[in-house]
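Enquirer: I'll drop the sequence and a predicted model, then ask my questions.
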Amino acid sequence: MPGRPESLTNPVSGAPARAVRSTPSGALPDMALTYRRVVLKVSGEALMGPQSHGLHPPTLERICRDIAAGVEAGAEIALVVGGGNIFRGLAGAADGMDRADADQMGMLATIINALAVRDMLERLGMAARAMSAIAVASVCETFSRPRALEHLRKGRVVVFAGGTGNPFFTTDTASVLRAAEMGSDAILKGTQVDGVYSADPKTDPKAQRYDRVSYDEALAKRLEVMDATAIALARDNQIPIIVFSIQTAGSFASVLKGQGRCTVVTP
């Protein structure tokens, strides 16, 4: 990551960012929010922008500006970050690594991304905390549900890392688990496309886009929403999954208002 730039500004007012602050939820009620407490799932691939691997600072900043604007509007926001831009456990296992070891390496990659997201949010003037399901106390807080809830109530962005802390589970499942634990109104999954399709719209021009789909339909049709474990957990806890394009600036705020182009997965 580069040094802290002097030019970073408040994402709402445009003023230079200085002291890190906590913004109490509801402090700026000028934007009617449909979802006031959410967990945003951000893949590692989303953070690498046009690169083939690693972190792309301009992309990271753009995503964090959208998150900061949501906090300014009164939302309580937590993130679950993936690690695919650094290391993917499934890819390691496919190359012959022990699956548990490979998944643990992938979980460590998510901690790197979580620290980058926390750092950028703080550079934008937002109060943020990184919490890991794997204990790395010298680097960030170890996940604690009461402590995470306290951070959210105080207007801090919470960046969850380390997946569930266990191998054989994806960060999709981790995002639903954390959403249930936080009592979230919805899980927002930021992807490369503007919703859920029947096939990959980049390769199949006949792919059908869904505005709304049920959990059971997503499972039965094996739609690329989340993995089956994550969808089933969301269904059991009745938490909507909203899939939108994180590549479009401002789309996150639109989804918080119940607007914008997205797919909603519900009962």
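Expert: Nice, I can see it.

Enquirer: what's the neighbour count on the nearest residue to residue 165 once chain neighbours are set aside?
Expert: Once flanking residues are discounted, residue 165 sits nearest to residue 133: 3.3 Å by C-beta to C-beta, 6 or more residues apart in numbering. To be clear about C-beta, it is placed using only N, CA and C from the backbone, and glycine gets the same treatment. Close neighbours of residue 133, defined as other C-beta atoms under 10 Å, add up to 22.

Enquirer: Any figure for the gap between residue 133 and residue 103?
Expert: As judged by C-beta to C-beta, to the nearest Å, residue 133 and residue 103 stand 12 Å apart.

Enquirer: Common neighbours of the two, please.
Expert: Common contacts of residue 133 and residue 103 (C-beta atoms under 8 Å, 6 or more residues apart in numbering): residue 163.

Enquirer: Strands of the stretch 1-150 of the chain, residue ranges please.
Expert: For the stretch 1-150 of the chain, applying DSSP state E, counting those that start in this stretch gives strands covering 37-42, 76-81, 128-132, 141-142.

Enquirer: ok, and which of those has the densest surroundings?
Expert: strand 76-81 (a mean of 29; mean count of other C-beta atoms under 10 Å).

Enquirer: Just checking: what are the partner strands of it?
Expert: Pairing partners of strand 76-81, with direction, according to DSSP bridges: strand 37-42 (parallel), strand 157-161 (parallel).

Enquirer: Tell me which residues of the lengthiest helix in the chain come out buried.
Expert: Longest helix in the chain, counting residues (DSSP state H): helix 99-123. Residues of helix 99-123 classed as buried by neighbour count (16 or more other C-beta atoms under 10 Å): 102-123.
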